[in-house]
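Student: Please find the sequence and the predicted model below.
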Amino acid sequence: MTSVFHQQRQADPKFLATLPILGKPPASAKEEAYLREMGKFQFYNMEEPGHSEEFGYGNTKVHTMFHLEHGKTYPLPRHVQRHVESLGTPIYRWIPDGQGSLMKQIAGEKQRFQLKQVYEE
């Protein structure tokens with residue numbers, strides 16, 4: 001279970017602004033500004049609907065734990081949303097290697113989590 005310390009950090013927009021952008025680095029300052037924007041996102045666990053998920057995010061210098069519950073809304077930067085949605089399970093297929101054996105190859109990816117942006121009226 002996530003500690004009270006990590007829950008407070010997860011809700012603090014100033015701390016979330018210091019988190020590094022993981023994965024593909026932004027190509028421009030405009031893209032970085034877009035990825036750092038805060039938004040309200042509703043979390044969906046596609047792999048195990050109804051279950052909460054806990055995961056670490058950051059690098060060796062700035063790191064935190066997120067605890068997201070299925071169906072609840074959280075304020076998050078877009079780069080955290082991009083990272084969570086990129087966590088997928090590979091789908092493999094077997095193909096002949098031309099020598100009478102089979103080789104495993106990644107055929108796609110099954111999405112595990114989804115964060116839908118919630119707009120306020």
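Tutor: All right, it came through fine.

Student: Just give the number of residues close to the closest residue to residue 69 other than its chain neighbours.
Tutor: Spatially, and ignoring its direct neighbours in sequence, residue 69 is nearest to residue 52 (4.2 Å; CB to CB, 6 or more residues apart in numbering). For every residue, glycine as well, the C-beta is placed using N, CA and C. The local packing count at residue 52 equals 15, with neighbours defined by other CB atoms under 10 Å.

Student: how close does residue 52 sit to residue 110?
Tutor: Distance, residue 52 to residue 110, by CB to CB, to the nearest Å: 19 Å.

Student: and what of residue 72?
Tutor: Counting by CB to CB, the gap from residue 72 to residue 110 is 23 Å.

Student: can you pull out the strands in this protein?
Tutor: Taking DSSP state E as the criterion, the chain carries its strands at 38-45, 53-58, 63-68, 73-77, 88-96, 102-111, 113-117.

Student: before we move on, back to that, show me the contacts for the residue nearest to residue 69.
Tutor: Contact partners of residue 52, counting by CB atoms under 8 Å, 6 or more residues apart in numbering, are 45, 67-70.
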